[in-house]
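J.: Build me a structure from this.
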Amino acid sequence: MGANGKYDAYHRSSAAALASYGRPFILRIGWEWNNRGRPWACLRVRDSGAYRTYFQRIVTALRTKLGSSWIDWSCDKGGLSRILGT
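T.: Here you go, the predicted structure:
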């Protein structure tokens, strides 16, 4: 659902709210995506394309307002990083 743009308006709205902070920060989206204990984990190869597309959509929406902040994509060191080719 997220990969098809269903939540884009929500992410743009979130970006505007976060921008009101007024200072740069680091935002971790879907951290440790390869950890079985995370509800947003992507552990099946067949889901990896949609996961990647959704992450890119979120980043694009957030960067409309958060140009000076960092958006971090991080995996779990002991997780399954081979899934998305990292």
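J.: Next, the closest residue to residue 30 other than its chain neighbours: secondary structure please.
T.: The spatial neighbour of residue 30 that comes closest, neighbours along the chain excluded (C-beta to C-beta, 6 or more residues apart in numbering), is residue 40 at 4.9 Å. For glycine as for every other residue, the C-beta is placed from the backbone atoms N, C-alpha and C. Under the three-state scheme (DSSP: H, G, I helix; E, B strand; the rest coil), residue 40 adopts coil.
J.: where does residue 20 sit relative to residue 10, distance-wise?
T.: Remark: distance between residue 20 and residue 10 (C-beta to C-beta, to the nearest Å) = 16 Å.
J.: next one: residue 36
T.: Residue 36 is 26 Å from residue 10, by C-beta to C-beta.
J.: Verify the contact between residue 35 and residue 42 for me.
T.: No - applying C-beta atoms under 8 Å, one finds residue 35 not in contact with residue 42, separated by 10.1 Å.
J.: When the two are compared, which one has more neighbours?
T.: residue 42 (22 against 16; other C-beta atoms under 10 Å).
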